[in-house]
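J.: Predicted model follows, preceded by the sequence.
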Amino acid sequence: KQWYQRRVHGDLDNNRKVSWLEILKAPGVLISVFALAFSGSAWAWYSASLEPWLKEGYGLSSSQTGLVLMTFGLVYTIFTPLCGFLTDRGLDGLVAMTIGNLIISVGFVFLGPIPPFKAIGGKLWLVVVSLGLQGLGSAATYLGALLYMMKSVIDAGLPDNEQTKGMVSSLWVVADCAGGYLG
C-alpha cells in the first residue's frame with residue numbers, strides 16, 4: 001500500500017521529521033549495526049598486538065611491519081569499488097554483509113591460526129593473506145551494511161529524504177566506531 005501511495009500520489013510525507021527510534025526500529029537496521037560493529041572490531045582487535053609480534057617473531061623492521069599492516073587498507077581500497085559494482089548489479093546488502101563477515105572470520109582463523117591449523121602457522125605470508133581477507137570482508141560488509149540500512153528504512157515507510165539518509169549514515173559511522181572501540 002505504501003509503495004502504491006508513493007508511486008501514484010508522490011511522496012506525501014517527504015518533509016516529515018524522523019526520530020532515532022523510528023530508524024532503529026526499521027527491520028534490518030540493528031542487524032546492520034551488529035555486522036558493522038563486528039567488522040569494525042576486526043582491525044582494532046589485532047592492531048596493538050600484531051606490530052610487536054611481527055617484530056619479535058619475524059625480525060621485521062618498522063618499515064616492513066608497516067607494509068604488512070598496510071595489507072588490510074590496500075585490499076579494502078581495491079575491493080570496495082568491486083563490491084559497489086556487484087551491489088549495483090543486484091547483490092543484496094544483507095548477502096554482502098554476511099559474506100563479508102564470514103570472510104573476516106576466515107581471516108581471523110588463519111591469523112592465529114587456531115589449533116587445528118597450527119601446522120601452517122608461523123608463516124609471514126599467512127599473516128599477509130589473513131589481513132588481506134579481513135580487508136576484503138570489510139569492503140563487502142561496510143558497503144553492504146550502508147545499502148541495507150538505507151533500503152530498510154525506506155521499506156519501513158520512512159521518508160526518502162536528506163534527514164533520513166543523514167541519520168542512517170551517522171548510525172553507520174557510529175556502529176563502525178563502536179566496533180573499533182570494542183575491538
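T.: It's in. If you're wondering where the values come from, they're calculated on a predicted model, not measured in any experiment. Residues are numbered from 1 along each chain as shown.
J.: C-alpha from now on. contacts and neighbour counts both.
T.: OK.
J.: pLDDT-wise, which helix or strand of the protein ranks last?
T.: Within the chain, no helix or strand scores below helix 2-9, which has a mean of 50 by mean pLDDT, DSSP states H and E.
J.: Toward the C-terminus from the top helix by length along the chain, list the very next helix or strand.
T.: The longest helix of the chain (DSSP state H) is helix 124-155. Later in the chain than helix 124-155, the nearest helix or strand by DSSP states H and E is helix 162-182.
J.: Mind giving me the packing neighbours of that following helix?
T.: The contact analysis (3 or more C-alpha pairs under 8 Å, 6 or more residues apart in numbering; DSSP states H and E) places helix 162-182 against helix 20-25, helix 29-58, helix 124-155.
J.: Alpha carbons of it, in PDB - could you do that?
T.: Backbone C-alpha positions of helix 162-182 (Å, rounded to 0.1, in the frame of the first residue of the first chain) are rendered in PDB as follows:
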ATOM      1  CA  GLU A 162      18.200  14.000   3.400                       C
ATOM      2  CA  GLN A 163      17.300  13.800   7.100                       C
ATOM      3  CA  THR A 164      16.700  10.000   6.900                       C
ATOM      4  CA  LYS A 165      19.800   9.400   4.800                       C
ATOM      5  CA  GLY A 166      21.900  11.600   7.200                       C
ATOM      6  CA  MET A 167      20.700   9.800  10.300                       C
ATOM      7  CA  VAL A 168      21.300   6.400   8.700                       C
ATOM      8  CA  SER A 169      24.800   7.400   7.600                       C
ATOM      9  CA  SER A 170      25.500   8.700  11.100                       C
ATOM     10  CA  LEU A 171      24.400   5.500  12.600                       C
ATOM     11  CA  TRP A 172      26.600   3.600  10.200                       C
ATOM     12  CA  VAL A 173      29.700   5.600  11.300                       C
ATOM     13  CA  VAL A 174      28.800   5.200  15.000                       C
ATOM     14  CA  ALA A 175      28.400   1.400  14.600                       C
ATOM     15  CA  ASP A 176      31.800   1.200  12.900                       C
ATOM     16  CA  CYS A 177      33.500   3.400  15.500                       C
ATOM     17  CA  ALA A 178      31.800   1.400  18.300                       C
ATOM     18  CA  GLY A 179      33.300  -1.800  16.900                       C
ATOM     19  CA  GLY A 180      36.700  -0.200  16.700                       C
ATOM     20  CA  TYR A 181      36.400   0.900  20.300                       C
ATOM     21  CA  LEU A 182      35.200  -2.500  21.500                       C
END
